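# pasting the sequence and the predicted coordinates here, then a few questions.
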2 protein chains.
Amino acid sequence: MDQLHISLGERSYPIIIGAGLLSEADVVSSHVEARDLLIVTNERVAPLYLDRLRLSLQGKRTAVVILPDGEAYKTLETVSKVFDALTAERMNRDAAIVALGGGVVGDIAGFAAACYQRGIDYIQVPTTLLAQVDSSVGGKTGVNHPAGKNLIGAFHQPRCVLADPETLQTLPEREYRSGLAEVVKYGLIRDPEFFSWLEGHPEKLLSRESAALSHAIRRSCELKAEIVGIDEREHGLRAILNLGHTFGHAIETATGYGAWLHGEAVSAGMVLAADLSMRLGWLSGVDHKRTVALLQRLELPVAAPKIGAARALGLMGMDKKVLAGKLRLVLMKSMGDAIVTSDFPLSALTETLEQGFS
Amino acid sequence: MDQLHISLGERSYPIIIGAGLLSEADVVSSHVEARDLLIVTNERVAPLYLDRLRLSLQGKRTAVVILPDGEAYKTLETVSKVFDALTAERMNRDAAIVALGGGVVGDIAGFAAACYQRGIDYIQVPTTLLAQVDSSVGGKTGVNHPAGKNLIGAFHQPRCVLADPETLQTLPEREYRSGLAEVVKYGLIRDPEFFSWLEGHPEKLLSRESAALSHAIRRSCELKAEIVGIDEREHGLRAILNLGHTFGHAIETATGYGAWLHGEAVSAGMVLAADLSMRLGWLSGVDHKRTVALLQRLELPVAAPKIGAARALGLMGMDKKVLAGKLRLVLMKSMGDAIVTSDFPLSALTETLEQGFS
């Protein structure tokens, strides 16, 4: 069992990573303070892990709300259903929400916790790779708006993250690989050695080999914890976690939420970011090729859909990373060193978009 | 022009109070940093003050969303309309919301600001007495749920409060008096001298005499600023601001939002709180009578609707002030000295409820 720590003053919390963790009642219980719990999960995860989790929470009062599965349901209406469940169960300020599922469940449940009675506790129990290495850590919660992804939300840190890599064995292939895109991201933005390690173990990662998987999760969480500890509210550094995301959001919005999985869009988006970084003379041609090669090796998409450069640019303009009318992007100065910048000629971006989207 | 200050570290902000302030472009502009603004107001306030405010914001880009008027519209659906306006106007993270109106507009607009892009700035421009002395100050934002008032919300401090007492001259009589209930509250919970001053000036307050009104607003804001500065997130002291509110919420919920104005329900609720405080031997009979007398003199309701004691108790149980299943109430140890406590026999509460509600 590994334990990491997010340092955020009075909002600090542990990340516990361990195969089989969900069945270890003493560990689970010791990290859940509240006596009244609403477990928020979805119709795919509930049959797999809900009983196991409830068994480990014996002695607490647990109510459950089961949401439909998928990014298309990451809306204010779904959050409203969680509010309905909270009030129907007469949950008070000292109750907590337990988010059992992937990134969508965690984002919705965390946002409901942020807003219910102006803020109650919540615990993340991520069951997808994407959620275990990224979305469950760091306190970003929220839902989509027809105009763009995650436009409505709150910063609200969980009290604890309980990640059981065993749950990843039941993940559909495509969704699992989608999570690997975020793992690769950590290497690209912050840790060239980790990137090299990933290059050395693509088969083990694809086959979900336990030791390799645990290492990838732990290192990803360490890197995220470090970044969030420095810049909780994304005033600066934290934005590098969005490498590929502005391009990716354009892909997801243009194709309708759910057609591309988030990690797939991020994968193609990171290739575009690497392309622009190379055009600016920052990233070497070799490292650009390594980026594309590793993502391909992990069977992730490296080409964007042909939606047209102009449309892609318009969709990128509604992204949260736009500051004062100027488009800011996460780009790579070199392998393992990402920055947030608006310091690039529009013509270079246009070339990347034309090559990528048309 | 008076300027008060809320001390909350990096979330500190000024409260500017001045008759005619809305027309003073230099003052207004100097307190509004953002260049892109969405003014949120309602169909009653817009014809009266929107042009005046926009004139004072010349040089900024201002868009407007006009909401229907009334507590019945303080819902997640209405917040959603504000999100729609923000995205339609392509407002970014550096945009701000300006809340022009009463408590409902301020609560909705503030909550929208708290959630849009995980938090943007907002400025309160309160145009009702209730909003000027209470709801615009202190960062509580949110909306109602069918199960209870303000169950969904966020703590999100405004960047500034701009209160122009001249706007109170157009308030309907009943709404104006409703605001006076909150003014009386400050005397009851924290300042016996202010309570005495109010007892000495009921005619001037009822006739909206400028000097008396300005004094009442300023002193109320000072007291609220002091309390919020000590306990921003209502871990303790701040809850005394809810004197009469738990009883009042039961009244509002039972009669349907809008039948009783908030301040009217608080007025009757404070009488119930005073009654219970007297039964416990804390508040003297004389001060209980003074409380009832001043509220009556200000033409506020002092008797609760006959919804029955049992129903009232049930509705109070869903209130946010319920902690771990135990009902906590704001009661008065003496005139000008309120506390939050669950340390009272249920039988005493029942007597108060039976006398008040049946």
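Received it, and whenever you're ready, just let me know what you need. Model, not experiment: these values are computed from the prediction.
# quick one: buried residues of stretch A:172-184?
A:175-184 (16 or more other Cβ atoms under 10 Å in any protein chain shown). (C-beta placed from N, C-alpha, C; glycine too.)
# and the residue positioned nearest the centre of chain A, what pLDDT?
When Cα atoms, centre = their mean is applied to chain A, the residue found nearest the centroid is A:Ser135 (3.0 Å). Looking at A:Ser135, its pLDDT is 94.
# show me what contacts A:Ala181?
Contacts for A:Ala181 (Cβ atoms under 8 Å, 6 or more residues apart in numbering or on different chains) come out as A:244, A:263-264, A:266-267, A:270, A:295, A:298, A:300.
# helices - which of the residues you listed land there?
The helices, defined by DSSP state H, take in A:263-264, A:266-267, A:270, A:295 from the contacts of A:Ala181.
# looking at the residues you listed, spot the one nearest chain B.
Distance to chain B, by Cβ to the nearest Cβ, is smallest for A:Val266 among these, at 19.1 Å.
# closest to chain B among the buried residues of stretch A:172-184?
A:Glu182 (19.4 Å).
# of the ones in helices among the contacts of A:Ala181, closest to B:Ile217?
A:Val266 (52.0 Å; Cβ to Cβ).
# still on that earlier bit, and of the contacts of A:Ala181, the nearest to B:Gly20?
A:Gly244 (53.0 Å).
# show me what contacts the residue of chain A positioned farthest from its centre?
In chain A, A:Gly59 marks the outermost C-alpha relative to the chain mean, sitting 31.4 Å out by Cα atoms, centre = their mean. Counting by Cβ under 8 Å, 6+ apart, A:Gly59 touches A:Ser29.
# now do it against chain B, distance only.
16 Å (Cβ to the nearest Cβ, to the nearest Å).
# now do the SS call for that residue.
coil (DSSP: H, G, I helix; E, B strand; the rest coil).
# quick check: it vs B:Leu205, distance?
The gap separating A:Gly59 from B:Leu205 is 55 Å, by Cβ to Cβ, to the nearest Å.
# what do you get for A:Glu351?
For A:Glu351, the distance to B:Leu205 - Cβ to Cβ - is 69 Å.
# and for A:Met316?
56 Å.
# near chain B, which residues of chain A?
A:35, A:76, A:80, A:83-84, A:87-88, A:90, A:92-94, A:114-119, A:140, A:142, A:145-148, A:150-155, A:233, A:317-318, A:320, A:322-325 (Cβ under 8 Å from any Cβ of the partner chain).
# sorry, back to before: A:Glu351 and B:Leu205: who's more crowded?
B:Leu205 (22 against 15; other Cβ atoms under 10 Å in any protein chain shown).
# the more buried one and B:Val184 touch, don't they?
No. Taking contacts as Cβ atoms under 8 Å, B:Leu205 lies outside contact range of B:Val184: 9.7 Å.
# common neighbours of the two, please.
The contact sets of B:Leu205 and B:Val184 overlap at B:198, B:298 (Cβ under 8 Å, 6+ apart).
# can you check the pLDDT for A:Gly256?
pLDDT at A:Gly256 comes out at 81.
# roughly how far does the closest residue to A:Gly308 other than its chain neighbours sit from chain B?
Of all residues not flanking A:Gly308 in the chain, A:Ser358 sits nearest, at 5.3 Å (Cβ to Cβ, 6 or more residues apart in numbering or on different chains). According to Cβ to the nearest Cβ, A:Ser358 stands 24 Å off from chain B.
# quick one: pLDDT of A:Ala72?
88.
# contact partners for A:Ala99?
Contacts of A:Ala99 by Cβ under 8 Å, 6+ apart are A:40-41, A:105-106, A:108-110, A:122-126, A:136, A:158.
# can you classify A:Ile123 by secondary structure?
strand.
# one more: A:Lys149?
With three-state DSSP as the basis, A:Lys149 sits in strand.
# the closest residue in space to it that isn't next to it in sequence: neighbour count?
Distance criterion Cβ to Cβ, 6+ apart; nearest residue to A:Lys149, sequence neighbours excluded, is A:His249 at 5.2 Å. Using other Cβ under 10 Å, A:His249 is surrounded by 24 other residues.
# OK, contacts around A:His249?
Counted by Cβ under 8 Å, 6+ apart, A:His249 has contacts A:148-149, A:265, A:269, A:315-316, A:319.
# just the pLDDT at A:His249, thanks.
Predicted confidence (pLDDT) for A:His249: 87.
# state the helix or strand in which it lies.
Element membership of A:His249 [criterion: DSSP states H and E] is helix A:245-255.
# tell me where the stretch 1-150 of chain A has helices.
A:25-30, A:51-56, A:76-88, A:103-115, A:129-130 (DSSP state H, counting those that start in this stretch).
# can I get these in TSV including mean pLDDT and mean neighbour count?
Formatted as TSV, the helices of the stretch 1-150 of chain A follow (pLDDT from 0 to 100; neighbours: other Cβ atoms under 10 Å in any protein chain shown):
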stretch	mean pLDDT	mean neighbour count
helix A:25-30	95	15
helix A:51-56	97	17
helix A:76-88	97	19
helix A:103-115	97	28
helix A:129-130	96	28
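# with distance to B:Ser347 added, can I get these in JSON lines?
Below are the helices of the stretch 1-150 of chain A laid out as JSON lines (distance: least, Cβ to Cβ, whole Å):
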{"stretch": "helix A:25-30", "distance to B:Ser347": "37"}
{"stretch": "helix A:51-56", "distance to B:Ser347": "38"}
{"stretch": "helix A:76-88", "distance to B:Ser347": "28"}
{"stretch": "helix A:103-115", "distance to B:Ser347": "36"}
{"stretch": "helix A:129-130", "distance to B:Ser347": "55"}
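# how about the strands of chain A, start to end?
Per DSSP state E, chain A carries strands over the ranges A:2-6, A:13-17, A:36-42, A:61-67, A:96-101, A:121-126, A:140-145, A:148-155, A:160-163, A:329-334, A:337-341.
# kindly reformat these as TSV containing mean pLDDT and distance to A:Ile307.
Formatted as TSV, the strands of chain A follow (pLDDT from 0 to 100; distance: least, Cβ to Cβ, whole Å):
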stretch	mean pLDDT	distance to A:Ile307
strand A:2-6	95	37
strand A:13-17	97	37
strand A:36-42	98	29
strand A:61-67	98	29
strand A:96-101	98	30
strand A:121-126	98	31
strand A:140-145	96	18
strand A:148-155	92	15
strand A:160-163	98	35
strand A:329-334	97	18
strand A:337-341	97	24
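# for B:Pro305, find the nearest of these.
With Cβ to Cβ as the yardstick, what comes closest out of these is strand A:36-42 (31.5 Å).
# and the contacts of that closest one?
Contacts for strand A:36-42 (Cβ under 8 Å, 6+ apart): A:49-50, A:53-54, A:57, A:60-69, A:82, A:85-86, A:89, A:91-92, A:94-102, A:104-105, A:108-109, A:112.
# now find how far off-centre it is within its chain.
20 Å (Cα atoms, centre = their mean, to the nearest Å).
# cool, stretch A:117-135 as well?
10 Å.
# what residues sit buried inside it?
Buried residues in stretch A:117-135 (16+ other Cβ under 10 Å): A:117-135.
# in PDB, list the C-alpha atoms belonging to it.
Provided in PDB are the C-alpha atoms of stretch A:117-135 (Å, rounded to 0.1, in the frame of the first residue of the first chain):
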ATOM      1  CA  GLN A 117     -25.000  23.500   1.900                       C
ATOM      2  CA  ARG A 118     -22.200  25.600   0.600                       C
ATOM      3  CA  GLY A 119     -19.700  22.800   0.800                       C
ATOM      4  CA  ILE A 120     -19.500  19.300   2.400                       C
ATOM      5  CA  ASP A 121     -16.700  16.700   2.400                       C
ATOM      6  CA  TYR A 122     -16.200  14.200  -0.300                       C
ATOM      7  CA  ILE A 123     -13.900  11.200  -0.900                       C
ATOM      8  CA  GLN A 124     -12.700  10.100  -4.200                       C
ATOM      9  CA  VAL A 125     -12.700   6.400  -5.000                       C
ATOM     10  CA  PRO A 126     -11.500   6.400  -8.700                       C
ATOM     11  CA  THR A 127     -12.100   3.200 -10.700                       C
ATOM     12  CA  THR A 128     -10.600   4.300 -14.100                       C
ATOM     13  CA  LEU A 129      -7.000   4.900 -15.000                       C
ATOM     14  CA  LEU A 130      -7.800   8.500 -16.000                       C
ATOM     15  CA  ALA A 131      -9.400   9.200 -12.600                       C
ATOM     16  CA  GLN A 132      -6.600   7.500 -10.700                       C
ATOM     17  CA  VAL A 133      -3.800   9.400 -12.300                       C
ATOM     18  CA  ASP A 134      -5.500  12.700 -12.900                       C
ATOM     19  CA  SER A 135      -9.000  13.800 -12.300                       C
END
